[in-house]
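*Asks:* Quick one, fold the following:
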Amino acid sequence: MKPSFKTFILVFVILHFSACNFQAQQTLQTDPSCKEVFNVVEEMPELIGGMSGIRDRLRYHTEGRVIVQFVVNKNGTPINLEIIESLRFEADQEALRLVSTSKFDPGRMNRKELCVRMSLPILFKLQN
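*Replies:* Next up is the predicted model:
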C-alpha cells in the first residue's frame, strides 16, 4: 500500500520538531558557579561588540527573527541556550551559533558578578 501525502507531511513535521527539541536539549550546560540565576540585576550583562558584532558574523540569510534565551555566567559566557521563538531550523541553528560564540560583560549586583538570564532577538534581513 502506498503511503499518502498526509502521512508523509505528518512524519516530516514530527521529525522536524524532534530535531529542534533535540538541539535545544543539546545546548544545556551546567555551571557549578551558577547555583542562583537572576532575571534582573543592577548592571545587566552587555554583549561585547554589540549587535553589530552579531550581524558581522551572520552566515545564514533569510527574513525574520529568532529569540534565544540563555544565562550569562560569571565569566560572561552564555550557557543553557534555548530557542523561545523559532523561525526555521537553519535560522535557529545560526542564532544558537551566534549567541554561543559571543562574549558578554557579566551582570553585577553590588560589584559582584552574578549569573543572569537574558533573551536576545537575532534579526535576519536579506541584503539588497
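*Asks:* residue closest to the middle of the protein?
*Replies:* The centroid of the chain falls nearest to residue 68 when counting by CA atoms, centre = their mean (3.1 Å).
*Asks:* Around the closest residue to that residue other than its chain neighbours, count how many other residues there are.
*Replies:* Distance criterion CB to CB, 6 or more residues apart in numbering; nearest residue to residue 68, sequence neighbours excluded, is residue 99 at 4.8 Å. No exception for glycine: its C-beta is placed from N, CA and C like everyone else's. Residue 99 has 22 neighbouring residues, counting by other CB atoms under 10 Å.
*Asks:* Am I right that residue 99 falls within a helix?
*Replies:* Yes: the assignment for residue 99 (DSSP: H, G, I helix; E, B strand; the rest coil) places it in a helix.
*Asks:* which residues does it contact?
*Replies:* By CB atoms under 8 Å, 6 or more residues apart in numbering, the residues touching residue 99 are 68, 70, 78, 81, 120, 122.
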